[in-house]
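1. the sequence isn't on hand, but the structure is:
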């Protein structure tokens with residue numbers, strides 16, 4: 001019995017399938033490399049994630065509070081020493097950026113710790 005003839009697939013849908021398969025392969029290889037041991041790491045290495053989480057939990061509220069206070073100083077809502085308004089605005093922006101970085105780091109830490117629990121690391 002002969003097989004029915006199927007014309008070769010061509011066109012954009014074939015390229016999309018190929019790109020999706022290649023992307024899935026890259027993700028699988030990256031995940032495998034993440035947990036690959038080279039022998040250069042310490043045998044009983046400990047994760048730095050709990051320390052980073054502690055620092056993030058301490059400094060995110062601190063930077064948020066500093067942002068609020070410096071914004072109020074820049075708006076002349078609080079009595080302040082004779083400093084330039086642009087100085088307080090710049091410091092408020094810097095503290096706001098640090099707050100955002102700390103919150104993003106806490107989100108990344110949560111995801112990585114869940115991944116470690118899932119892989120029993």
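-> Happy to help now that I have it. Note that the structure is predicted; figures quoted are calculated from it, not measured.
2. C-alpha from now on. contacts and neighbour counts both.
-> Will do.
3. quick check: buried residues in stretch 101-115?
-> With burial defined by 16 or more other C-alpha atoms under 10 Å, the residues of stretch 101-115 counted as buried are 102, 103, 105, 106, 109, 113.
4. with secondary structure as new columns, can those residues be given to me in TSV?
-> Putting these into TSV (DSSP: H, G, I helix; E, B strand; the rest coil) gives the following:
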residue	secondary structure
102	helix
103	helix
105	helix
106	helix
109	helix
113	helix
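5. single out whichever of those has the smallest pLDDT.
-> For those, the weakest pLDDT value sits at residue 113, with 90.
6. show me the contacts for that one.
-> The contact partners of residue 113, by C-alpha atoms under 8 Å, 6 or more residues apart in numbering, come to residue 49.
7. again, only this time at 6 Å
-> Residues counted as contacts of residue 113 (C-alpha atoms under 6 Å, 6 or more residues apart in numbering): none.
8. residue 67 against residue 92, yeah?
-> Yes: with the criterion set as C-alpha atoms under 6 Å, residue 67 and residue 92 qualify as a contacting pair; they are 4.7 Å apart.
9. can you find the helix or strand of this structure with the lowest average pLDDT?
-> Counting by mean pLDDT, DSSP states H and E, the chain has its least confident helix or strand at helix 12-34, which shows a mean of 74.
10. report the rounded mean pLDDT for the helix or strand following that one.
-> Moving toward the C-terminus from helix 12-34, the next helix or strand (DSSP states H and E) is helix 49-74. What helix 49-74 shows for mean pLDDT is 94.
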